[in-house]
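Asks: Need a 3D model of the sequence below.
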Amino acid sequence: MTVRAEDASDLVKASPFVIQIGDRTYKGYMTRSGAKKEYAGSFRVPNHVKGKVKLKSVTLSDYIGNEQEAVVSEK
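Replies: Purely as a prediction, here's the structure:
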């Protein structure tokens, strides 16, 4: 999964995210690629877990202490 983001004061290298698969929730971290200005993350899904993968939230922070959680809502 990837998230594209940029900020004038530069964003930190890692951002926590929350995904949902079926009725289960998982947390992880995405790592930022400076050149592409995007975060990429991967995770292992246990064999017994089935369902659609949905990004629920990602928290972005910059180097001067600002932090914003982006919550993904379903339409």
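Asks: And Met1, how far from Glu67?
Replies: 20 Å (CB to CB, to the nearest Å). From N, CA and C alone the C-beta is placed, and that goes for glycine too.
Asks: Who has more neighbours out of these two?
Replies: The neighbour comparison of Met1 against Glu67 (other CB atoms under 10 Å) goes to Met1, with 14 against 10.
Asks: Isn't the more buried one up against Ser42?
Replies: Yes: under the criterion of CB atoms under 8 Å, Met1 makes contact with Ser42 at 7.5 Å.
Asks: Could you list the low-confidence segments of the protein?
Replies: Scanning the chain for pLDDT under 70 picks out the ranges 74-75.
Asks: Could you name the specific helix or strand carrying the spatially most distant residue from the centre of the chain?
Replies: Largest separation from the mean C-alpha position in the chain: His48, at 23.1 Å (CA atoms, centre = their mean). Counting by DSSP states H and E, there is no helix or strand that carries His48.
Asks: Cool, thanks, signing off.
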